[in-house]
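**Student:** Below are the sequence and a predicted model; questions follow.
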Amino acid sequence: MNETLTAFLYLIASICFIMSLRGLSSPETSRGGLMYGVGGMVIAIVTTVALPIVQSYWFIIVGIAVGGAVGTVIAKRIQMTALPQLVAAFHSLVGLAAVAVAAAAFYAPHKFGIGEVGAIHPGSLVEMGLGLGDVPPELKFTPALAASRRQAGALAARASETCRDAHACESVSLGLRVWTEVKLCRS
(Lines give C-alpha, C1' and ligand atoms only; values in the text may rest on other atoms or scores of the structure.)
Protein backbone atom coordinates (compact mmCIF):
# COMPACT_ATOMS: atom_id res chain seq x y z
CA MET A 1 0.00 0.00 0.00
CA ASN A 2 1.52 3.35 -1.01
CA GLU A 3 1.71 6.39 1.26
CA THR A 4 -0.95 8.35 -0.62
CA LEU A 5 -3.53 5.58 -0.25
CA THR A 6 -2.61 5.10 3.40
CA ALA A 7 -3.02 8.81 4.14
CA PHE A 8 -6.33 8.89 2.26
CA LEU A 9 -7.69 5.90 4.21
CA TYR A 10 -6.63 7.45 7.52
CA LEU A 11 -8.38 10.67 6.44
CA ILE A 12 -11.57 8.74 5.69
CA ALA A 13 -11.32 7.00 9.09
CA SER A 14 -10.88 10.39 10.80
CA ILE A 15 -13.95 11.78 9.03
CA CYS A 16 -15.90 8.71 10.16
CA PHE A 17 -14.83 9.35 13.76
CA ILE A 18 -15.92 12.98 13.54
CA MET A 19 -19.27 11.93 12.07
CA SER A 20 -19.54 9.35 14.86
CA LEU A 21 -19.15 12.02 17.54
CA ARG A 22 -21.73 14.14 15.79
CA GLY A 23 -24.16 11.22 15.58
CA LEU A 24 -23.65 10.13 19.16
CA SER A 25 -24.63 13.57 20.45
CA SER A 26 -28.34 12.81 20.06
CA PRO A 27 -30.44 9.73 20.89
CA GLU A 28 -32.19 9.99 17.52
CA THR A 29 -28.94 9.78 15.53
CA SER A 30 -26.94 7.54 17.88
CA ARG A 31 -27.29 4.35 15.80
CA GLY A 32 -25.89 6.13 12.75
CA GLY A 33 -23.12 7.64 14.86
CA LEU A 34 -22.22 4.20 16.16
CA MET A 35 -22.04 2.82 12.62
CA TYR A 36 -19.73 5.67 11.56
CA GLY A 37 -17.48 4.90 14.53
CA VAL A 38 -17.36 1.19 13.78
CA GLY A 39 -16.67 1.88 10.10
CA GLY A 40 -13.90 4.33 10.93
CA MET A 41 -12.26 1.89 13.32
CA VAL A 42 -12.43 -0.96 10.77
CA ILE A 43 -10.82 1.27 8.13
CA ALA A 44 -8.09 2.38 10.57
CA ILE A 45 -7.29 -1.16 11.75
CA VAL A 46 -7.24 -2.70 8.27
CA THR A 47 -5.07 0.16 6.97
CA THR A 48 -2.62 -0.21 9.86
CA VAL A 49 -2.40 -3.99 9.53
CA ALA A 50 -1.81 -3.69 5.76
CA LEU A 51 1.19 -1.38 6.19
CA PRO A 52 4.44 -2.92 4.94
CA ILE A 53 6.22 -1.75 8.10
CA VAL A 54 4.23 -4.26 10.19
CA GLN A 55 6.63 -7.15 10.67
CA SER A 56 4.65 -9.23 13.14
CA TYR A 57 0.96 -9.50 13.87
CA TRP A 58 1.53 -11.06 17.29
CA PHE A 59 1.29 -7.84 19.35
CA ILE A 60 -1.69 -6.67 17.31
CA ILE A 61 -3.58 -9.91 17.92
CA VAL A 62 -2.70 -9.91 21.63
CA GLY A 63 -3.74 -6.26 21.94
CA ILE A 64 -7.09 -6.87 20.26
CA ALA A 65 -7.69 -9.98 22.39
CA VAL A 66 -6.82 -8.26 25.67
CA GLY A 67 -8.75 -5.09 24.81
CA GLY A 68 -11.76 -7.11 23.67
CA ALA A 69 -11.72 -9.23 26.82
CA VAL A 70 -11.41 -6.23 29.14
CA GLY A 71 -14.13 -4.35 27.25
CA THR A 72 -16.48 -7.33 27.37
CA VAL A 73 -16.01 -7.83 31.11
CA ILE A 74 -16.49 -4.15 31.83
CA ALA A 75 -19.56 -3.90 29.59
CA LYS A 76 -21.21 -6.84 31.35
CA ARG A 77 -20.48 -5.52 34.85
CA ILE A 78 -21.33 -1.83 34.51
CA GLN A 79 -24.84 -0.73 35.35
CA MET A 80 -26.47 1.85 33.09
CA THR A 81 -26.48 4.30 36.00
CA ALA A 82 -22.67 4.00 36.27
CA LEU A 83 -21.90 5.11 32.72
CA PRO A 84 -20.44 8.50 33.79
CA GLN A 85 -17.83 6.65 35.89
CA LEU A 86 -17.09 4.33 32.98
CA VAL A 87 -16.60 7.24 30.58
CA ALA A 88 -14.33 9.05 33.07
CA ALA A 89 -12.27 5.90 33.66
CA PHE A 90 -11.88 5.23 29.94
CA HIS A 91 -10.94 8.88 29.38
CA SER A 92 -8.12 8.43 31.87
CA LEU A 93 -6.89 5.45 29.83
CA VAL A 94 -6.74 7.66 26.72
CA GLY A 95 -4.32 9.98 28.54
CA LEU A 96 -2.30 7.00 29.74
CA ALA A 97 -2.14 5.58 26.20
CA ALA A 98 -0.91 8.93 24.88
CA VAL A 99 1.86 8.89 27.48
CA ALA A 100 2.84 5.32 26.49
CA VAL A 101 3.00 6.22 22.78
CA ALA A 102 5.04 9.36 23.49
CA ALA A 103 7.44 7.39 25.68
CA ALA A 104 7.87 4.73 23.00
CA ALA A 105 8.54 7.42 20.38
CA PHE A 106 10.99 9.17 22.69
CA TYR A 107 13.01 6.04 23.47
CA ALA A 108 12.92 4.57 19.93
CA PRO A 109 12.49 7.56 17.57
CA HIS A 110 14.03 5.72 14.60
CA LYS A 111 11.12 3.25 14.66
CA PHE A 112 8.68 6.16 14.31
CA GLY A 113 10.70 7.92 11.61
CA ILE A 114 11.19 11.06 13.71
CA GLY A 115 14.96 11.03 14.08
CA GLU A 116 17.53 9.22 16.18
CA VAL A 117 18.08 8.97 19.93
CA GLY A 118 19.39 12.37 21.06
CA ALA A 119 18.43 14.00 17.75
CA ILE A 120 14.64 13.95 17.52
CA HIS A 121 13.18 16.44 15.05
CA PRO A 122 11.81 19.42 17.05
CA GLY A 123 8.41 19.26 15.34
CA SER A 124 8.07 15.64 16.44
CA LEU A 125 8.46 16.62 20.09
CA VAL A 126 5.25 18.63 19.82
CA GLU A 127 3.49 15.74 18.09
CA MET A 128 4.58 13.38 20.86
CA GLY A 129 2.97 15.63 23.45
CA LEU A 130 6.32 16.72 24.83
CA GLY A 131 6.15 20.25 23.40
CA LEU A 132 5.94 23.19 25.76
CA GLY A 133 2.66 24.54 24.38
CA ASP A 134 0.71 21.29 24.57
CA VAL A 135 -1.47 20.10 27.42
CA PRO A 136 0.54 17.20 28.78
CA PRO A 137 -1.32 13.93 28.28
CA GLU A 138 -0.09 12.70 31.65
CA LEU A 139 -2.01 15.58 33.25
CA LYS A 140 -5.21 14.34 31.58
CA PHE A 141 -4.82 10.91 33.16
CA THR A 142 -4.91 11.71 36.87
CA PRO A 143 -7.90 14.11 36.97
CA ALA A 144 -10.01 11.77 34.84
CA LEU A 145 -9.12 8.81 37.03
CA ALA A 146 -9.84 10.82 40.17
CA ALA A 147 -13.20 11.93 38.73
CA SER A 148 -14.10 8.33 37.97
CA ARG A 149 -13.20 7.18 41.47
CA ARG A 150 -14.98 10.13 43.07
CA GLN A 151 -18.16 9.38 41.11
CA ALA A 152 -17.97 5.76 42.21
CA GLY A 153 -17.64 6.88 45.83
CA ALA A 154 -14.10 5.51 46.19
CA LEU A 155 -12.70 8.97 46.86
CA ALA A 156 -14.02 11.52 49.28
CA ALA A 157 -16.64 13.82 47.84
CA ARG A 158 -14.92 16.79 49.44
CA ALA A 159 -13.07 18.73 46.80
CA SER A 160 -10.11 19.48 49.06
CA GLU A 161 -9.15 15.80 49.45
CA THR A 162 -9.73 14.95 45.80
CA CYS A 163 -7.77 17.99 44.63
CA ARG A 164 -4.91 17.19 46.99
CA ASP A 165 -4.61 13.66 45.56
CA ALA A 166 -4.84 14.85 41.96
CA HIS A 167 -2.43 17.74 42.56
CA ALA A 168 0.18 15.41 44.05
CA CYS A 169 0.04 13.14 40.98
CA GLU A 170 0.10 16.12 38.64
CA SER A 171 3.06 17.68 40.46
CA VAL A 172 5.15 14.52 40.09
CA SER A 173 4.10 14.24 36.45
CA LEU A 174 4.93 17.88 35.75
CA GLY A 175 8.33 17.49 37.44
CA LEU A 176 9.12 14.54 35.17
CA ARG A 177 7.96 16.57 32.19
CA VAL A 178 10.22 19.51 33.04
CA TRP A 179 13.18 17.15 33.60
CA THR A 180 12.52 15.58 30.18
CA GLU A 181 12.29 18.98 28.50
CA VAL A 182 15.58 20.11 30.05
CA LYS A 183 17.24 16.85 29.01
CA LEU A 184 15.96 17.30 25.44
CA CYS A 185 17.15 20.90 25.25
CA ARG A 186 20.65 19.90 26.33
CA SER A 187 20.86 17.18 23.66
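**Tutor:** Everything's here; your move.

**Student:** Going along the chain, name the strands of this structure.
**Tutor:** Taking DSSP state E as the criterion, the chain carries its strands at 115-116, 119-120.

**Student:** Mind telling me which of those strands the model trusts least?
**Tutor:** In terms of mean pLDDT, the lowest-scoring of the strands of the chain is strand 119-120 (a mean of 72).

**Student:** strands paired with that strand, and their directions?
**Tutor:** strand 115-116 (antiparallel) (DSSP bridges).

**Student:** circling back to that earlier point, closest one to Thr72 among the strands of the chain?
**Tutor:** Of all those, it is strand 119-120 that lies closest to Thr72, at 38.2 Å by CB to CB. Quick note: C-beta positions are derived from backbone N, CA and C, even for glycine.

**Student:** Which one of the strands of the chain lies nearest to Ala75?
**Tutor:** strand 119-120 (38.9 Å).

**Student:** hmm, back to that, out of the strands of the chain, which one sits most buried?
**Tutor:** strand 119-120 (a mean of 15; mean count of other CB atoms under 10 Å).

**Student:** if we can go back for a sec, possible to save the strands of the chain as CSV with distance to Ala7?
**Tutor:** Listed next are the strands of the chain as CSV, based on distance: least, CB to CB, whole Å:
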stretch, distance to Ala7
strand 115-116, 21
strand 119-120, 22
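
**Student:** Ala98 is nearest to which of the ones you listed?
**Tutor:** For Ala98, the closest of those is strand 119-120, at 16.9 Å, according to CB to CB.

**Student:** Give the lowest-confidence helix or strand of this protein, using mean pLDDT as the measure.
**Tutor:** helix 137-151 (a mean of 55; mean pLDDT, DSSP states H and E).

**Student:** May I have the residues that are in contact with Ala50?
**Tutor:** Met1 (CB atoms under 8 Å, 6 or more residues apart in numbering).
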